[in-house]
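**Q** using only what follows, build the 3D model:
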Amino acid sequence: MPLIAIAIAALAVGFEALVQWKWGAMGIIAFLALTVGVKTKSVAISGIGAVILVMLLSQSG
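**A** Below you'll find the predicted structure:
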């Protein structure tokens, strides 16, 4: 069981580093807002995070 937790933590850190490299600090903020919104079941917070991520994705093309 601890091996699975370590693997999940490593994947989370790797994904965070990828987002930081690709979209900068605003990407981390958007991902954090989306995650917190989903965990707290807050549509407003998760919506804000999703909108920021969509805006970041649309301008990187």
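**Q** can you pull the contacts of residue 31?
**A** 16, 19, 49, 53 (Cβ atoms under 8 Å, 6 or more residues apart in numbering). Where C-beta positions appear, they are placed from N, C-alpha and C, glycine not excepted.
**Q** what about the last one, how many residues close to it?
**A** As a burial measure, the neighbour count of residue 53 was computed by other Cβ atoms under 10 Å and equals 19.
**Q** cool, and the first one?
**A** The burial metric for residue 16, expressed as a neighbour count using other Cβ under 10 Å, is 14.
**Q** distance between whichever strand or helix holds it and the chain's centre?
**A** Assigned by DSSP states H and E, residue 16 belongs to helix 2-40. Its chain's average C-alpha position is 5 Å from that of helix 2-40, according to Cα atoms, centre = their mean, to the nearest Å.
**Q** in the helix or strand that comes right after that helix, what counts as buried?
**A** Counting by DSSP H and E, the next helix or strand C-terminal to helix 2-40 is helix 43-59. Neighbour counts using 16 or more other Cβ atoms under 10 Å place 45, 46, 48, 49, 50, 52, 53, 56 of helix 43-59 among the buried residues.
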